[in-house]
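Colleague: dropping the sequence and predicted coords here.
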Amino acid sequence: MIAVIPVAGAGKNLRPLTYTQPKPLIPVAGKPIISFIIDDLKRVGVTEYVFIIGYLGEKIQNYIIENYPEIKCTFIKQENRLGSGHAILLAKDEIDLSKELVIFFGDTILNFDLDKVLKSPYNYVGVKKVSDPRSFGVASVGNDGYVNSLVEKPNIPLSNLALVGFYKIKDTETLFDSIQSNIDSDLRSEGEFQLTDALMGMVSRGSKIKTVMVDNWFDCGRKEILLETNALMLEKESFQTPEVKNLNNSIIIPPVNIGEGCEINDSIIGPYVTIGNNSKLSSAIIKNSIIGNFVHINEAVLFNSVIGNDTSITGLRQSLNIGDNTEIDFR
């Protein structure tokens, strides 16, 4: 089985943070989003990967090569962002069409029985019930238990089952035929060639697709969801820093994840705080926030904030969303 992971998006909803940092590399509980996906797939035995990269793609490529030297990976650049279906089609030449395929969008963290789904002999789409599905791809299921309709961002949804960015494809050749057919006929939704439409094409061609209900779905494309995900992950003991070093006259309120080489003086940190490597904090109060690497914070109170790498903040009591390489002085 081979995994295709699209990571070509620009992360517009997280700007200015994503002007210099690709969304899949933003840390959650001390771990980049993309690592949650790769680690889950590795755990169930997936060893071959195709990454569809685009905006800031070289940073993603460098991170994966450096941190996952044991996996076989190919990187393909999507020069023109023409949609998720178009992105998947770019991987066709790297795939044995007789084998099964797993597609996992690179900005999503999911909790479900991945091993069970991959061992099943069916095509699957991951879904989650939502209160307003109009902003998502939506699947509806017939009385026979199989998907009978898939629509991208419908005005009048036929169900409340939102597609969550995970797909297990048994009929791999049928999927690629459907994508190519949609492109040849210029079939677009929201102005792009959507994977949702290609999956509907599979259904029209006779493929049977089931749904798997995920337990948790974290679409980390917005600051609020990013911080919520960070907090929930930090509830797990494995993501917590048990002992914080270089701590002087400071209080740590768990759970937190503090990177290596940090210095914390006269501060109160936590709960639900992630701090990257080699950051220095002095006279600071920080809670429910994500702080990047090499950040300097002095005489500041931060809450519900996402702070990029190489940032300096002095004299502040605000909620911020700041990109990399920034210096702010409110004195």
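Modeller: Thanks, I have the structure now.
Colleague: from here on, contacts and neighbour counts on C-alpha atoms
Modeller: Fine.
Colleague: ok, now how distant is the closest residue to residue 328 other than its chain neighbours from residue 14?
Modeller: Nearest residue to residue 328, sequence neighbours excluded (Cα to Cα, 6 or more residues apart in numbering): residue 313, at 4.9 Å. Look at residue 313 and residue 14: by Cα to Cα, to the nearest Å, they are 19 Å apart.
Colleague: gap between the residue most central in space within the chain and residue 237?
Modeller: By Cα atoms, centre = their mean, the chain has its centre lying nearest to residue 107, at 1.7 Å. Distance of residue 107 to residue 237, computed by Cα to Cα: 23 Å.
Colleague: need phi/psi at the nearest residue in space to the residue nearest to the centre of the chain that is not next to it in sequence.
Modeller: The shortest distance from residue 107 to any non-neighbouring residue, by Cα to Cα, 6+ apart, is to residue 24 (5.3 Å). Dihedral angles of residue 24 (phi, psi; degrees, to the nearest 10) stand at phi -60, psi -10.
Colleague: okay but residue 24 is in contact with residue 36, surely?
Modeller: No. Applying Cα atoms under 8 Å as the test, residue 24 and residue 36 come out as separate, 9.8 Å apart.
Colleague: which of those two has more neighbours?
Modeller: residue 24 (25 against 17; other Cα atoms under 10 Å).
Colleague: list the residues that contact that one.
Modeller: 7, 32, 33, 34, 60, 106, 107 (Cα atoms under 8 Å, 6 or more residues apart in numbering).
Colleague: mind listing which of these are in helices?
Modeller: 33, 34, 60 (DSSP state H).
Colleague: wait, residue 200 sits on residue 150?
Modeller: Yes. Using Cα under 8 Å, residue 200 makes contact with residue 150 at a distance of 5.4 Å.
Colleague: pick out whichever of these two has more residues nearby.
Modeller: Comparing residue 200 with residue 150 by other Cα under 10 Å, the one with more neighbours is residue 150, at 26 against 21.
Colleague: residues contacting the more buried one?
Modeller: Neighbours of residue 150 in contact, by Cα under 8 Å, 6+ apart: 137, 138, 139, 140, 196, 197, 199, 200.
Colleague: kindly recompute the last result at 7 Å.
Modeller: Each residue near residue 150 by Cα atoms under 7 Å, 6 or more residues apart in numbering is listed here: 137, 138, 139, 140, 196, 197, 200.
Colleague: state the helix or strand in which the nearest residue to the second one once chain neighbours are set aside lies.
Modeller: What it means is residue 138. Leaving aside its chain neighbours, residue 138 sits nearest to residue 162 (4.7 Å; criterion: Cα to Cα, 6+ apart). Take DSSP states H and E as the rule and residue 162 turns out to sit in strand 161-169.
Colleague: one more: residue 284?
Modeller: strand 280-287.
Colleague: give the rounded mean pLDDT of the next helix or strand after that strand.
Modeller: Reading on from strand 280-287 to the C-terminus, the next helix or strand found by DSSP H and E is strand 289-291. The predicted model gives strand 289-291 an average pLDDT of 95.
Colleague: mind giving me the packing neighbours of strand 289-291?
Modeller: strand 273-275, strand 306-307 (3 or more Cα pairs under 7 Å, 6 or more residues apart in numbering; DSSP states H and E).
Colleague: most tightly packed of the ones you listed?
Modeller: Most buried of these by mean neighbour count (mean count of other Cα atoms under 10 Å) is strand 273-275; its value is a mean of 30.
Colleague: that'll do, ta.
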